[in-house]
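Chemist: have a look; sequence and predicted model below, questions after that.
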Amino acid sequence: MRNMAPRTRVRFAPSPTGFLHIGGLRTALYNELLAKHDEGDFILRIEDTDRSRLVEGAVENLCRSLEACGVVPNEGVWLDKKGEVTQRGDFGPYVQSERKDKHQTYAKQLVKMGKAYHCFCTTERLEELRAQQQLEGKPTMYDGKCRSVPHEEALKRMEAGESWVVRLKLPKEGNVTFFDSIRDDITFDWSVIDDQVIIKSDGFPTYHLAATCDDHDMEITQVIRGEEWLSSTPKHLFIYEAFGWTPPKFAHLPLLLNSDRSKLSKRQGDVAVEDYLKKGYVPEALLNFVALLGWNPTGDREIYTHDELIAMFDIAKINKSGAVFNTEKLDWLNAQYLKSMSEERYLELTHPFVADATDDNSFADRCLLLVRDRVEKPSDVTELTDFFFRDNLDYSTVSIAWKAQEASAAKERLEAVRDAIEGLSDTDAMNMATVESTIKGLIEAKGWGNGDTLWPMRVALSGKEKSPGPFELAAAYGKKKTLERLEDALKFLR
RNA sequence: GGCGCCAUCGUCUAGUGGCUAGGACACGUGGUUCUCAUCCACGGAACAGGGGUUCAAUUCCCCUUGGCGCUACCA
């Protein structure tokens, strides 16, 4: 007999104004982690009440990014098999603009209860007011001019066609304290909180009314959102109290930061989940990395599966301070995932980045496997493998001779290597162990050194001073191509 | 300006009154090696400052400083 507490219900509620931000992914993830940990519900709600900032296709993009990372809501907005935006669940609609009527009804009730009022002040007056207050060094706040407009008069003015909004009628004195799951008790004086607009002149609600009412209607038990909402929480609490609703618990997440510790922004690099996915970052690695930015179950381990994150998640262990989003560690983590995944998956992930001029995919596969140890992210393979697919290598920028070796000596070694390879069958030439034993046998028989033979061989095959080893290169190329490259290098030496 | 939040290595973090302040990334050195990468070993690197409380503070309180957020008919 457990679960006497209400079922955990959380939501991720982005506005469709662009792409899924990396910080948004973390917020969504923490919500999902809590929901799954508690065997509750994870809801995706779209907050599209600002009609002027809507971006075409943003919802689809949001859903796709979330899904690619495996952070999938079990209720609310989602993409069906055809990629169309649909909704599921008993608490819909989950697109906020479709709840406009509900919001307006709630606003009317608030006005009726004396918890809100109609305001007829023009934008011009508000701007002037603010300018004046700034001039005087006073806090910029609405002065409450329409607070005292009698309801009868308000109705008349509305009827007469005057433009209006609805504002919250907040207390002017005293204070409010609330508990934050991450930061404990937080107190604000009512006197510093503005009479927030909750219904705009276009009839749509602002975030404060919409999110609060929707969270209540959808029976959200824990709100997990960014720290930027901390100072407006009293307004939300005021609404809960006015209606006599029990508020959910709140958790305000620390921000993700640029390397200069400013709020993570596009100016200093990619911030869209999509950007990272496009570069070939492994979704699991990105998720793993983002999970540990601001939360850590133990402090002595770096790699966790999604299921492990769910099992260990504890909202109380989330950090209070912002975390710099630094991709160095992400690259390392990504490399770890790339190294430990199956060959099939690795090839699948890296294949799109290879400059494969041939139809011979098995050749591309061999090349990709060969550079696996030095791939941090799939897009790296383009540069790492380009020489494989080039018809002619440029030896003018590298030294085929090893250290102080004479060119003639390098030539002698290459000729011997060429002859040895020539003596191999096509199959043997593609077997790294065979190539290795053949060449090593040659070196021993001639009394040469490893360096003075292997360096010229390797550089001849790769055209690079830094590359995979000579035996694996030869095996990857196969007999014909290996011999071609050796001849090219010899020709260059002449 | 007002209000609020925050403060451990360069970065991500562990730590909840008594530890040589731990791990990871990055960096450096060494080993393996023809090169690079991988891998292994080792190393340097932090409790912002000042007051308290206490036998004892990274840990609790206050102040300062610094960073960030909010201060819209945007979310």
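Modeler: Structure's in. What do you need?
Chemist: contacts, neighbours, all on C-alpha from now
Modeler: Fine.
Chemist: give me the pLDDT for the closest residue to residue A:205 other than its chain neighbours.
Modeler: Distances taken as CA to CA, 6 or more residues apart in numbering place residue A:199 nearest to residue A:205, at 4.2 Å, with adjacent residues excluded. Per-residue confidence (pLDDT) for residue A:199: 97.
Chemist: who are the contact partners of residue A:199?
Modeler: Residue A:199 is in contact with A:104, A:107, A:165, A:166, A:167, A:205, A:206, A:209, counting by CA atoms under 8 Å, 6 or more residues apart in numbering.
Chemist: ok, which of these also contact RNA strand B?
Modeler: Restricting those to those touching RNA strand B (CA under 7 Å from any atom of the strand) yields A:165, A:205, A:206.
Chemist: in this structure the second one contacts residue A:99, no?
Modeler: So the one you mean is residue A:205. No - with contacts counted by CA atoms under 8 Å, residue A:205 stays clear of residue A:99, the gap being 9.6 Å.
Chemist: looking at these two, which is more packed in?
Modeler: Applying other CA atoms under 10 Å to residue A:205 and residue A:99 shows that residue A:205 carries more neighbours, namely 28 against 18.
Chemist: how about the residues of the stretch 51-200 of chain A by RNA strand B?
Modeler: A:53, A:120-123, A:130, A:137-141, A:163-165, A:183, A:185-189, A:192, A:194, A:196-197, A:199-200.
Chemist: let me see the ranges of the strands in the stretch 251-400 of chain A.
Modeler: All strands of the stretch 251-400 of chain A, identified by DSSP state E, counting those that start in this stretch, fall at A:256-257, A:323-324.
Chemist: residue A:39: neighbouring residues, count only.
Modeler: For residue A:39, the neighbour count with other CA under 10 Å is 14.
Chemist: ok so it is a helix residue?
Modeler: No - assessed with DSSP: H, G, I helix; E, B strand; the rest coil, residue A:39 is coil; it does not lie in a helix.
Chemist: I'd assumed residue A:8 was in contact with it.
Modeler: Yes - between residue A:39 and residue A:8 there is a contact at 7.3 Å, judged by CA under 8 Å.
Chemist: about what we covered before: emit the PyMOL select command for whichever of the residues of the stretch 51-200 of chain A next to RNA strand B are buried.
Modeler: Restricted to buried positions by 16 or more other CA atoms under 10 Å, the PyMOL selection for those reads:
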select buried, chain A and resi 120+121+130+140+141+163+164+165+188+194+196+197+199+200
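Chemist: helices - which of the residues of the stretch 51-200 of chain A next to RNA strand B land there?
Modeler: Using DSSP state H, A:123, A:130 are the members of these that sit in helices.
Chemist: distance of the spatially closest residue to residue A:84 that is not a sequence neighbour from residue A:12?
Modeler: Excluding the flanking residues, the one nearest residue A:84 by CA to CA, 6+ apart is residue A:60, at 7.6 Å. Per CA to CA, to the nearest Å, residue A:60 is found 15 Å from residue A:12.
Chemist: out of the two, which sits in the busier spot?
Modeler: residue A:12 (24 against 18).
Chemist: test my guess that that one contacts residue A:27.
Modeler: Yes - using CA under 8 Å, residue A:12 makes contact with residue A:27 at a distance of 7.2 Å.
Chemist: so who does residue A:59 touch?
Modeler: Residues in contact with residue A:59 (CA under 8 Å, 6+ apart) are A:16, A:46, A:85.
Chemist: mark which of those are buried, thanks.
Modeler: A:16, A:46.
Chemist: TSV for the contacts of residue A:59, including secondary structure and pLDDT?
Modeler: Output for the contacts of residue A:59, formatted as TSV (DSSP: H, G, I helix; E, B strand; the rest coil; pLDDT from 0 to 100):
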residue	secondary structure	pLDDT
A:16	coil	96
A:46	strand	97
A:85	strand	94
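Chemist: same list (the contacts of residue A:59) but as CSV, adding distance to residue A:64.
Modeler: Formatted as CSV, the contacts of residue A:59 follow (distance: CA to CA, whole Å):
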residue, distance to residue A:64
A:16, 13
A:46, 14
A:85, 11
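Chemist: which one of the contacts of residue A:59 is nearest to residue A:306?
Modeler: Distance to residue A:306 across these (CA to CA) is lowest for residue A:46, with 24.5 Å.
Chemist: for the nearest residue to the closest one once chain neighbours are set aside, phi and psi?
Modeler: Closest residue in space to residue A:46, ignoring its immediate chain neighbours: residue A:95 at 4.9 Å, by CA to CA, 6+ apart. Main-chain torsions, residue A:95, degrees, to the nearest 10: phi -100, psi 120.
Chemist: surely residue A:95 touches residue A:48?
Modeler: Yes - assessed by CA under 8 Å, residue A:95 is found in contact with residue A:48 at 7.1 Å.
Chemist: tell me the spacing between residue A:393 and residue A:401.
Modeler: Distance from residue A:393 to residue A:401, by CA to CA: 16 Å.
Chemist: before we move on, what about residue A:239?
Modeler: 79 Å.
Chemist: doesn't residue A:65 belong to a helix?
Modeler: Yes - counting by three-state DSSP, residue A:65 is found in a helix.
Chemist: low-confidence ranges, the stretch 351-494 of chain A, go.
Modeler: Applying pLDDT under 70 to the stretch 351-494 of chain A flags the ranges A:357-359.
Chemist: near RNA strand B, which residues of it are found?
Modeler: So far as CA under 7 Å from any atom of the strand goes, the stretch 351-494 of chain A lies against RNA strand B at A:373-375, A:402, A:450-452, A:454-455, A:458, A:465-471.
Chemist: from these, which would you call buried?
Modeler: A:375, A:402, A:452, A:454, A:455, A:458, A:465, A:467, A:468, A:469, A:470, A:471.
Chemist: picking that back up, what's the most buried one of the strands of the stretch 251-400 of chain A?
Modeler: Burial of these is given as mean neighbour count (mean count of other CA atoms under 10 Å); strand A:256-257 ranks first at a mean of 21.
Chemist: who's in contact with that strand?
Modeler: A:23, A:263, A:264, A:265, A:293, A:322, A:323, A:324, A:325.
Chemist: check what pLDDT the third one gets.
Modeler: Okay, so that is residue A:264. In this model, residue A:264 carries a pLDDT of 87.
Chemist: from residue A:92, how far off is the residue nearest to it when sequence neighbours are not counted?
Modeler: Nearest-residue entry for residue A:264: residue A:257, 4.2 Å, with adjacent residues in sequence omitted and distances by CA to CA, 6+ apart. Distance, residue A:257 to residue A:92, using CA to CA: 34 Å.
Chemist: now swap in residue A:468 and tell me
Modeler: Taking CA to CA, one finds residue A:468 at 57 Å from residue A:92.
Chemist: for residue A:393 and residue A:401, indicate the residue with more neighbours.
Modeler: residue A:401 (23 against 18).
Chemist: hang on, that one in a strand?
Modeler: No - under three-state DSSP, residue A:401 falls outside any strand and is assigned coil.
Chemist: contacting residues for it?
Modeler: Per CA under 8 Å, 6+ apart, neighbours of residue A:401: A:407, A:409, A:410, A:452, A:455, A:456.
Chemist: report the secondary structure state of the last one.
Modeler: Using three-state DSSP, the structure places residue A:456 in helix.
Chemist: for it, give me its contacts.
Modeler: So residue A:456 contacts A:400, A:401, A:402, A:410, A:413, A:414 (CA under 8 Å, 6+ apart).
Chemist: again, only this time at 10 Å
Modeler: With contact set as CA atoms under 10 Å, 6 or more residues apart in numbering, residue A:456 has these partners: A:399-402, A:405, A:407, A:409-411, A:413-414, A:417, A:462-463, A:465, A:470, A:486, A:489.
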